[in-house]
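[1] What follows is a predicted protein model with its sequence.
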Amino acid sequence: MVKILDTTLREGEQTPGVYLNSHIKKAVAEMLDQLGVDIIEAGHPAVSTDVKEAVYQISSLGTKALIGAHARTIKEDVDQALECGAKFLGIFFCVSEKRLIHMNQSIYQAIEKISKTVAYAREKSPDLKIRYTPEDTVRSEWKNVIPVSVEAVRAGADIISIADTTGYMIPGTDRNFSTYIHRFREELGKKDLFPQIAIHCHNDRGLALSNAIDGYRAGADIIDASVMGLGERAGIVDLASLLSVLRADFKEGRHWQLDLLPGMYRLVSQYSGIPVPANFPITGKNAFTHCAGVHTQAAIRNPVRYQSLSPEIFGRQTEVALDHMSGQSTIVYALAKIGIKHPSDKLIRSVLSKVKEVGKLGRTVDLDELKFIVRFLTPNQHPGAAL
């Protein structure tokens with residue numbers, strides 16, 4: 001079974017302009033644990049005292065999920081993570097030739113630095129889950145990625161994360177996760193090394209979810225995601241989209257409490273200042289809302305005609321929009337929602353005309369406004385009458 005690492009509290013806070021107070025981070029972590037993710041990456045303690053305190057508080061919650069911390073290849077970073085009580089440690093260091101030249105280091109010096117840091121963490125905490133990430137893995141030279149990964153595992157790393165740090169990978173081309181993972185496993189297997197493989201997919205080309213599924217099908221053990229896909233630049237894999245595909249199409253995560261997703265997204269959206277796009281899958285306002293007359297008529301009779309996912313799984317329900325695209329069947333359905341079960345043809349036509357008028361202003365009519373419209377059109381009659 002694939003494991004889910006949520007990094008809203010680490011990668012997500014690298015979204016420009018996003019800062020989450022410690023008490024909000026704690027609340028998010030609690031919801032993520034209830035949702036059923038396996039690892040919560042709570043932050044990089046060396047960044048600030050606020051982050052360190054948040055990681056400590058979250059680590060003290062007694063969650064089922066492992067609480068993780070981020071660290072550079074610096075012993076002080078490892079010490080701070082362990083002081084916070086983290087049970088999962090992500091150590092990162094880029095080994096591409098360009099970065100090594102910029103840092104005035106050879107690959108051999110880099111391997112030694114990484115190995116020593118991993119070994120130090122392992123010695124300090126024998127039960128710690130350790131992940132090593134060659135940052136920008138997929139654009140780094142293969143001749144560097146393999147030996148550094150081999151030595152990281154030998155030093156004590158349980159997990160190697162294949163990071164598409166710049167959203168470079170494209171499924172179905174010669175730079176795809178499936179081929180990369182198979183090749184990577186084969187190379188380490190030749191050394192009798194079998195670490196877990198994690199994948200971290202950025203969304204610069206809009207392909208983060210596709211790449212994540214490509215990696216999943218190739219046998220990735222851990223997939224990183226965040227609420228709303230928050231992260232550097234265009235972000236990473238959206239948590240709700242990932243979980244929905246894995247549940248619906250690959251029968252993963254029967255224990256996931258997916259009905260918690262809408263509330264979690266509202267929480268993160270409110271305190272990050274980033275709105276959930278209306279057309280976002282699963283959690284967006286319009287995700288299960290039908291608009292065009294033909295669509296709504298069919299969806300009212302049988303939602304599966306225009307829905308491939310059940311909204312109830314996610315704590316949502318099928319809805320219809322009242323606007324300039326509405327038809328008579330939509331009006332009849334909506335009137336029934338406000339207690340008018342057998343409207344006259346005249347009322348249906350009058351309400352439809354008014355709804356279309358409002359819709360042309362660029363907004364929809366909700367059920368409260370629908371009541372106002374009916375009252376306006378029938379000032380002398382009981383609003384529940386068969387008009």
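    That came in fine, so what should we check first?
[2] Strands of the protein, start to end?
    Along the chain, the segments classed as strands by DSSP state E run 3-6, 39-43, 66-71, 88-92, 129-133, 159-164, 196-201, 222-225, 289-290, 319-320.
[3] what is the mean pLDDT for stretch 60-72?
    Predicted confidence along stretch 60-72 averages 98 (mean pLDDT).
[4] Return the alpha-carbon coordinates of that stretch using CSV.
    Provided in CSV are the C-alpha atoms of stretch 60-72 (Å, rounded to 0.1, in the frame of the first residue of the first chain):
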residue,chain,number,x,y,z
SER,A,60,3.8,16.0,21.0
LEU,A,61,0.3,15.3,19.7
GLY,A,62,0.6,11.5,19.8
THR,A,63,-0.5,11.1,16.2
LYS,A,64,-0.7,7.8,14.3
ALA,A,65,1.1,9.6,11.5
LEU,A,66,4.9,10.0,11.7
ILE,A,67,5.8,13.6,12.3
GLY,A,68,8.7,14.7,10.1
ALA,A,69,11.2,17.5,10.0
HIS,A,70,13.5,18.8,7.3
ALA,A,71,17.2,19.2,7.6
ARG,A,72,20.2,20.3,5.6
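[5] Report the central residue of this protein.
    The centroid of the chain falls nearest to L239 when counting by CA atoms, centre = their mean (2.0 Å).
[6] now that residue: how far from T330?
    Remark: distance between L239 and T330 (CB to CB, to the nearest Å) = 32 Å. For the C-beta atoms, the positions are set from N, CA and C on the backbone; glycine is no exception.
[7] what domains does the record give for the protein?
    Per automatic domain parsing, the structural domains of the chain span 3-272, 289-377.
[8] Out of the ones you listed, indicate the one that is most buried.
    Scoring the domains of the chain by mean neighbour count under mean count of other CB atoms under 10 Å gives domain 3-272 as the most buried, with a mean of 20.
[9] distance between the ends of that one?
    Start-to-end span of domain 3-272 (CA to CA, to the nearest Å) is 26 Å.
[10] what's the answer for stretch 185-200, then?
    Taking CA to CA, stretch 185-200 runs 16 Å from one end to the other.
[11] residues making contact with that stretch?
    Contacting residues not belonging to stretch 185-200 are listed as 5, 131, 133, 146, 149-150, 153-154, 157-165, 177, 181, 184, 211-212, 215, 219-224, 236 [CB atoms under 8 Å, 6 or more residues apart in numbering].
[12] Mind doing that once more with 7 Å?
    5, 131, 146, 149-150, 153, 157-164, 177, 181, 184, 212, 215, 220-224, 236 (CB atoms under 7 Å, 6 or more residues apart in numbering).
[13] still on that earlier bit, among the domains of the chain, show the one with the smallest mean pLDDT.
    Taking the mean pLDDT of the domains of the chain, domain 289-377 comes last: a mean of 86.
[14] quick revisit: mind putting the strands of the chain into JSON lines with distance to I373?
    Output for these, formatted as JSON lines (distance: least, CB to CB, whole Å):
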{"stretch": "strand 3-6", "distance to I373": "43"}
{"stretch": "strand 39-43", "distance to I373": "47"}
{"stretch": "strand 66-71", "distance to I373": "52"}
{"stretch": "strand 88-92", "distance to I373": "55"}
{"stretch": "strand 129-133", "distance to I373": "57"}
{"stretch": "strand 159-164", "distance to I373": "51"}
{"stretch": "strand 196-201", "distance to I373": "47"}
{"stretch": "strand 222-225", "distance to I373": "42"}
{"stretch": "strand 289-290", "distance to I373": "19"}
{"stretch": "strand 319-320", "distance to I373": "15"}
